[in-house]
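Asks: Please find the sequence and the predicted model below.
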Amino acid sequence: MTDIFSSMLRTAAPILLAALGGLLCEKAGVLNLALEGMMLFGAFFGVMGSYYTDNAYLGALIALLSGAVLGMIYNLFVERWKADAMITSIGMNSLALGMTSFLKRSIFGDSGIIMGISGIPKHNSSFLSSIPVIGKILDGQTTLVYVGLVLVIVLHFFLFRTHTGINLRAVGERPLAAASAGVSVAKYRFIALTVGGALCGLAGAHLSLGYVTMFSENMTAGRGFFAYTCVAFGQANPLLVMLASFIFGLAENLSYLLQGAAIPSQIILMAPYLCTILALIFRNFNLKKSLAPCSKNRAKLFSAKEK
């Protein structure tokens with residue numbers, strides 16, 4: 001049983017890292033469905049960095065930087081040029097799929113998979129292994145798995161216990177009120193998208209350097225959409241987002257066990273996209289519900305003025 005949960009943690013780690021990046025964007029009031037593309041770029045450039053430097057950690061750093069750059073580009077389109085967030089996300093995801101495939105074929109030829117790279121090592125600790133149950137689950141994981149778990153605690157403290165975190169939430173929930181209080185909405189959204197993109201790049205690095213040590217075309221396989229679904233179902237709370245990512249990680253492991261069953265593979269492939277649609281419906285429903293009191297108060301104000 002501990003082996004199943006240990007594998008779940010390893011599988012959930014890239015989803016969790018990307019979901020934390022999406023959570024920052026959500027808290028800043030920006031819809032970001034380009035998590036998939038940012039992860040794919042991170043996975044590719046992480047492998048490229050590891051291949052040319054022979055150092056997996058430098059590869060992960062390059063992946064993080066590539067994700068941060070994509071976050072800046074997304075901010076430029078959506079916040080500066082006021083492009084539609086949904087269309088921008090679709091464009092960035094399509095760009096990531098096409099460009100990584102083109103670069104891989106241009107640099108490494110027509111081989112389907114890039115292999116022979118340095119991966120992020122797993123850490124075995126006698127202290128962790130001595131802890132009953134939980135220790136065996138946590139032991140033997142890569143560095144980025146521990147980074148993801150620590151970031152959950154850090155982000156929870158940051159969002160709910162710091163002045164900057166409260167300002168970020170105000171920017172997302174009431175941008176006009178935040179601006180009137182002297183908070184720079186553009187600055188906070190720029191930082192949130194940049195850091196969010198960096199976390200997505202790190203998620204891609206874990207996928208190609210930690211979870212496996214290779215790169216193949218479209219290797220994210222919908223995990224970015226799973227990550228956004230975790231943000232929506234977790235209501236942008238770091239602890240709930242972590243729990244949702246664990247559920248998706250466990251489901252992915254169970255799907256491997258169900259491959260021998262008489263279940264069409266197309267159903268498994270469409271699952272992340274179906275979950276994303278449900279998450280968008282859930283998000284819009286909550287948004288309308290939160291805005292309903294404001295609409296009622298505004299209607300009462302107008303009726304009072306008419307009288």
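Replies: Here it is on my side, so go on.
Asks: immediately after the host helix or strand of Val147, which helix or strand?
Replies: Assigned by DSSP states H and E, Val147 belongs to helix 143-161. Downstream of helix 143-161, the first helix or strand assigned by DSSP H and E is helix 163-173.
Asks: which strands and helices sit next to that next one?
Replies: Applying 3 or more Cβ pairs under 8 Å, 6 or more residues apart in numbering; DSSP states H and E, one finds that helix 163-173 contacts helix 2-27, helix 143-161, helix 175-180, helix 185-205. Every residue, glycine included, has its C-beta placed from N, CA and C.
Asks: Take those helices and write them to CSV, including mean neighbour count and distance to Asn167.
Replies: Shown next, in CSV, are the helices and strands packed on helix 163-173 (neighbours: other Cβ atoms under 10 Å; distance: least, Cβ to Cβ, whole Å):
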stretch, mean neighbour count, distance to Asn167
helix 2-27, 25, 10
helix 143-161, 17, 10
helix 175-180, 13, 7
helix 185-205, 26, 6
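Asks: closest to Pro132 out of these?
Replies: Relative to Pro132, the nearest member of the helices and strands packed on helix 163-173 by Cβ to Cβ is helix 2-27, separated by 9.8 Å.
Asks: next helix or strand past that closest one?
Replies: helix 35-53.
Asks: Please find the angle between the direction vectors of the helix or strand following that following helix and helix 143-161.
Replies: The helix or strand immediately downstream of helix 35-53 is helix 56-75, counting by DSSP H and E. In terms of direction (axes from the mean of the first three to the mean of the last three Cα atoms, to 10 degrees), helix 56-75 departs from helix 143-161 by 40 degrees.
Asks: Can you point out the buried residues in helix 56-75?
Replies: Buried positions in helix 56-75, judged by neighbour count with 16 or more other Cβ atoms under 10 Å: 56-57, 59-71, 73-75.
Asks: Rounded mean pLDDT for the helix holding Val147, please.
Replies: Mean pLDDT, helix 143-161: 95.
Asks: what's in contact with it?
Replies: With contacts defined as Cβ atoms under 8 Å, 6 or more residues apart in numbering, helix 143-161 is touched by 9-10, 13, 16-17, 20, 23-24, 27, 57, 60, 120-121, 123, 138, 164-166, 168-169, 199, 202, 205-206, 210, 237-239, 241-242.
Asks: do you know which of the helices and strands packed on helix 163-173 lies nearest Phe102?
Replies: Phe102 lies closest to helix 185-205 among these, at 17.1 Å (Cβ to Cβ).
Asks: packing partners for the closest one?
Replies: Applying 3+ Cβ pairs under 8 Å, 6+ apart, we find helix 185-205 packed against helix 2-27, helix 35-53, helix 56-75, helix 143-161, helix 163-173, helix 175-180, helix 223-233.
Asks: pLDDT of the helix or strand just after the last one, averaged?
Replies: The one in question is helix 223-233. For helix 223-233, the succeeding helix or strand toward the C-terminus, using DSSP H and E, is helix 238-257. Averaged over helix 238-257, pLDDT sits at 82.
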